[in-house]
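*Asks:* I'll drop the sequence and a predicted model, then ask my questions.
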Amino acid sequence: MKKPIFLCLFFMVLLSFIASAQEISVYIDGKKLFFDVPPTKVEERTMVPLRAIFEGLGAFVEYDTPSRTIKATKGNIKVQLTLDSPVAYVNDQLRTLDVPAMSLSGRTMVPLRFVGEAFGAKVKWDGSTQSIFIETQDMPVMITTPAPAAEDSAIIYMISHDAIKSLHPGDVVTITLVGTPGGKASFDITGIVNGIPMSEITTGKYEGNYTIKSSDKGKDLVVIGYLVKGNTNPSVLQADKKLSLGEATEAVSIYSVLHNAVEKQLYPGDVLEVTLMGSSGGKATFDIGNIITNISMNETQNGTYKGVYTVRSSDNISNAIITGYLVKDTVSAAPFQCQNPLTMGASVVPAEDVKITSFTHSAKGNLKKGDDLTVVLKGTPGGKAYFDITNFKSSLPMTEIQSGVYQGTYRILAGDNVSDSYLLGHLSKAGKEAPIFQTGPITIAGIVPKIASVSPADGSKVETDRPNIYVSFDTQNGTSINPQTAKLIVNGVDVTSRISKAPMFIGYNPTEPLPLKTNIWVELSAQDSYGNTINYGWTFMIVPATTTLISSAYHNGQFPLKAGEKLQVIMYGVTGGQAWFDINGFKNNIAMTEVSQGRYVGEYTVTPQDKVSGLKVIAYLRNQSREDNLVLDPAITFDVEQGFNAPQLINIQDGQQVNFPLTVEGYTKAYATVEIKYEYAAPLLGPLVTSGVAGTKRVSADGKGYFVDTYTSIFGAGTKHTITVKAIDNATDKTSPPTVITVTQK
């Protein structure tokens, strides 16, 4: 009986892997909306994933991580929500929510009815079918036109990495970038490493690896990809998922530091007792005023550490601060300072001996380059005074400006940098030393942001009238910026609201042509986290090639177009010409109209009979004297009756050895349902192998065709897992060819 019972339990575990079906359906103007996390009800209110619903309604959405604020815009309507707050704003008018926006299953969820009605839509609930219908016919429309790509320029469609948790020394992170084929790709990890090259492993798919070093530490680090082709400006894209390096899985904290000498002086032979409360299982020490340091402590009970110090006759310290330190598994807690100062040393100082009565400084906040730190010491007149900035500068002179009042000043220089440093005051007279007096702490931030490179280069000439404008920052010799403080002005126009920004990078793609043969002035201002400001300006000039009639052109066919959808081609060139475009080898002489001066637009509506895959679009422009043409990237595909391509997996490949749990990521047709079947063949004893189906799951691709799932194995190393992935077009019920790979569990 033992064997059947074992098998029953075994298959129960396998069957529990299969995901439950989505219960609530959402339709916008009759079209079903698909989510990577299904809608759920909270207090009888339907909550849906943030980005899917806003983009489904045609709104532009931004999420500000520090303030946990969601901002969405469509036409003249602006909506703002904050996670876990019952207050929202529509065009700055306060609204109260029954259920606030919140984080569920790792996704930001928002109340569907409020979002739809905020944008003027009608929201209806059908309980019999568990469906929600949104009608948007009366809603305002906002049209955004993407910037055209210059000839042979590169475009990044996606960048991601395979890290699913914090990485530690020796771990390898793999970065995957999908974009224009035949380019040169690289990536940065902000604050850690720059310019790591990537290899094109298949057409348009690039990969690069980085091995984590022991010195690499940071949380929420941004991965930025670069792709360049020919002599054009690089395409730049930031990964949505951030990296954490060297972060401990368990936070280490200090809750309190206390001592036994509150409001009394300790003399030689007295014992100072210090108690630290914090995370258990660590190693604790304490300092006395940054003068006597690294005094060890013992953990007397869970999370309670005690240490003692016997006062010596040579100790002569006044108004010192005790600082506690705690380290666990190489992770340090933030230092904790006891708020009760300590005085200890020789017996009570006679009135006629040397003494310090007060010691103050002028710093009101972080000190930046050019700031003056002024220190004033009051005590016995006629002496010699100086001060130290711990861990930075020593023996800085002070002058007696009046009887018993000494003053010293230090001006912050470029490159000065120290955090939470204390000031120590010294006073001596006739060979006698007053007890050292401590004040602080202060922070000096004299390192400022520095420009690494700009594009277009200062004083350069470029041919395209919509060049990629970007600034990168040198974090090896300067600080990174606070992206929220960045401001960019191009040719007198403030374009800050349209820039891409990260701590190491600011980028902007003009949506309208810039003036020709005129110096274009670009002005950047930003601050780092300490408030240091950088102002930088440069110029470039747009000089179109004299031999061409076409300055630039692009189309909207970056992703496969379905029957009924329109291929739109937009071209910029000389005015008053005759324009058309060809779909090479399929359709020729498709007319284009000059809709405004030098701007030509043409369209082709895809029919169910069109069978196009990987064909180039060629734009033509003719004037009275000559004809010009431009081949556009990328090639286009019409996804009609013949079905569509097999899904593309981007983070794993056939024959690879992998760790579990395994993340399965890929691309297919936008909004398709992706069916993933997991099969196993696990070794038992000798030649025996047990095999079967671990489960079949269905997930939804997003608007760019991206899908992701996590597969957990109950078997050990050497198990072979066969993964079969196919996509289903929800509009036509057509199924793609399958993608099948086999991987081996490490």
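*Replies:* Received the coordinates, thanks.
*Asks:* Next, name the residue at the spatial heart of the protein.
*Replies:* In the chain, the residue lying closest to the centroid (Cα atoms, centre = their mean) is residue 222, at 4.3 Å.
*Asks:* ok, and the closest non-adjacent residue to it?
*Replies:* Leaving aside its sequence neighbours, residue 222 sits nearest to residue 190 (Cβ to Cβ, 6 or more residues apart in numbering; 4.5 Å). C-beta coordinates here come from the backbone N, C-alpha and C atoms, glycine included.
*Asks:* Could you check the pLDDT of residue 150?
*Replies:* Per-residue pLDDT puts residue 150 at 42.
*Asks:* brain fart, residue 553
*Replies:* 85.
*Asks:* Could you measure from it over to residue 119?
*Replies:* According to Cβ to Cβ, to the nearest Å, residue 553 stands 33 Å off from residue 119.
*Asks:* Tell me which of those two has more neighbours.
*Replies:* More neighbours surround residue 553 than the other of residue 553 and residue 119, with 27 against 22 (other Cβ atoms under 10 Å).
*Asks:* Okay, now the unreliable bits of the stretch 301-450 of the chain?
*Replies:* 346-352 (pLDDT under 70).
*Asks:* can you give me the helices in this structure?
*Replies:* Counting by DSSP state H, the chain has helices at residues 2-15, 50-56, 112-118.
*Asks:* For residue 55, give me its contacts.
*Replies:* When contacts are counted by Cβ atoms under 8 Å, 6 or more residues apart in numbering, residue 55 touches 61, 703.
*Asks:* make it 6 Å
*Replies:* By Cβ atoms under 6 Å, 6 or more residues apart in numbering, the residues touching residue 55 are residue 703.
*Asks:* how close does it get to residue 608?
*Replies:* Separation of residue 55 from residue 608 (Cβ to Cβ): 27 Å.
*Asks:* ok, now residue 382?
*Replies:* 101 Å.
*Asks:* same check, this time on residue 305
*Replies:* Distance, residue 305 to residue 608, by Cβ to Cβ: 75 Å.
*Asks:* Then residue 666?
*Replies:* Residue 666 is 27 Å from residue 608, by Cβ to Cβ.
*Asks:* okay, now the domains of the protein?
*Replies:* Structurally, the chain divides into domains by automatic domain parsing as follows: 25-135, 158-245, 254-345, 356-445, 451-538, 550-638, 648-745.
*Asks:* which of those has the lowest average pLDDT?
*Replies:* Note on these: domain 25-135 shows the lowest mean pLDDT, a mean of 80.
*Asks:* First-to-last residue distance for that domain?
*Replies:* Domain 25-135 has an end-to-end distance of 14 Å (criterion: Cα to Cα, to the nearest Å).
*Asks:* next one: stretch 573-588
*Replies:* Using Cα to Cα, the gap from the first to the last residue of stretch 573-588 comes to 20 Å.
*Asks:* List the buried residues in it.
*Replies:* 573, 574, 577, 579, 580, 581, 582, 583, 586 (16 or more other Cβ atoms under 10 Å).
*Asks:* okay if I get these as CSV plus distance to residue 503?
*Replies:* Listed next are those as CSV, based on distance: Cβ to Cβ, whole Å:
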residue, distance to residue 503
573, 39
574, 42
577, 45
579, 43
580, 46
581, 41
582, 45
583, 43
586, 46
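*Asks:* What is the nearest of those residues to residue 413?
*Replies:* residue 573 (53.9 Å; Cβ to Cβ).
*Asks:* what bridges to that closest one?
*Replies:* residue 550 (DSSP bridges).
*Asks:* Next, work out how far apart the closest residue to residue 422 other than its chain neighbours and residue 332 are.
*Replies:* Take residue 422 and drop its neighbours on the chain: the residue closest to it by Cβ to Cβ, 6+ apart is residue 440, 3.9 Å away. Residue 440 is 20 Å from residue 332, where distance means Cβ to Cβ.
*Asks:* Neighbour count: the two, which is higher?
*Replies:* Of the pair residue 440 and residue 332, residue 440 is the one with more neighbours under other Cβ under 10 Å, namely 19 against 14.
*Asks:* Residue 111 and residue 44 touch, don't they?
*Replies:* No - here residue 111 does not reach residue 44: they are 10.9 Å apart, not a contact under Cβ atoms under 6 Å.
*Asks:* Between these two, which has more neighbouring residues?
*Replies:* Neighbour count, other Cβ under 10 Å: between residue 111 and residue 44, residue 111 has more, with 24 against 7.
*Asks:* give the contact list for that one.
*Replies:* Residue 111 touches 45, 99, counting by Cβ under 6 Å, 6+ apart.
*Asks:* Quickly list what it is bridged to.
*Replies:* residue 47.
*Asks:* dump the residue contacts of the residue nearest to the centre of the chain.
*Replies:* 190, 238, 502.
*Asks:* Tell me which entries of those lie within strands.
*Replies:* Of the contacts of residue 222, the ones assigned to strands by DSSP state E are 238, 502.
*Asks:* and the contacts of residue 222 as CSV, adding distance to residue 569 and neighbour count?
*Replies:* Output for these, formatted as CSV (distance: Cβ to Cβ, whole Å; neighbours: other Cβ atoms under 10 Å):
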residue, distance to residue 569, neighbour count
190, 37, 22
238, 29, 18
502, 32, 20
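*Asks:* Quick check: of the contacts of residue 222, which lies closest to residue 710?
*Replies:* For the contacts of residue 222, the minimum distance to residue 710 (Cβ to Cβ) is 23.4 Å, reached by residue 238.
*Asks:* The nearest residue to that closest one once chain neighbours are set aside: how many residues sit nearby?
*Replies:* In this structure, residue 238 finds its nearest non-sequential neighbour in residue 224, 5.2 Å apart by Cβ to Cβ, 6+ apart. Residues within reach of residue 224, counting by other Cβ under 10 Å, total 23.
*Asks:* Please apply the same query to residue 618.
*Replies:* Neighbours around residue 618, by other Cβ under 10 Å: 17.
*Asks:* how far away is it from residue 231?
*Replies:* For residue 618 relative to residue 231 (Cβ to Cβ), the value is 21 Å.
*Asks:* and if you look at residue 118?
*Replies:* According to Cβ to Cβ, residue 118 and residue 231 sit 47 Å apart.
*Asks:* Looking at those two, which is more packed in?
*Replies:* residue 118 (23 against 9).
*Asks:* who touches the more buried one in this structure?
*Replies:* Counting by Cβ under 6 Å, 6+ apart, residue 118 has contacts 79, 90.
*Asks:* about what we covered before: show me which of residue 666 and residue 608 is the more surrounded one.
*Replies:* residue 666 (22 against 12).
*Asks:* who's that one bridged to?
*Replies:* residue 649, residue 707.
*Asks:* isn't it right up against residue 651?
*Replies:* No - using Cβ under 6 Å, residue 666 is not in contact with residue 651, being 7.9 Å away.
*Asks:* quick one on the thing from earlier: what's the separation between the residue nearest to residue 422 and residue 319?
*Replies:* 11 Å.
*Asks:* With residue 312 instead?
*Replies:* Applying Cβ to Cβ to residue 312 and residue 319 gives a distance of 18 Å.
*Asks:* between the two, which one's more packed in?
*Replies:* Neighbours per residue, other Cβ under 10 Å: of residue 312 and residue 319, the larger number sits with residue 319, 17 against 13.
*Asks:* Does the more buried one touch residue 342 like I think?
*Replies:* No - with contact defined as Cβ under 6 Å, residue 319 does not count as touching residue 342 (7.8 Å).
*Asks:* what residues do these two have in common as contacts?
*Replies:* Counting by Cβ under 6 Å, 6+ apart, residue 319 and residue 342 have no shared contacts at all.
*Asks:* and stretch 586-597, how far from the chain's centre?
*Replies:* In terms of Cα atoms, centre = their mean, to the nearest Å, the centre of stretch 586-597 is found 41 Å from the chain centre.
*Asks:* Give me the contacts around it.
*Replies:* 575, 579, 580, 581, 582, 600, 601, 602, 604, 612, 615.
*Asks:* Pull the most distant pair out of those.
*Replies:* Spatially, the most separated pair among those is 575 and 612, at 31.3 Å (Cβ to Cβ).
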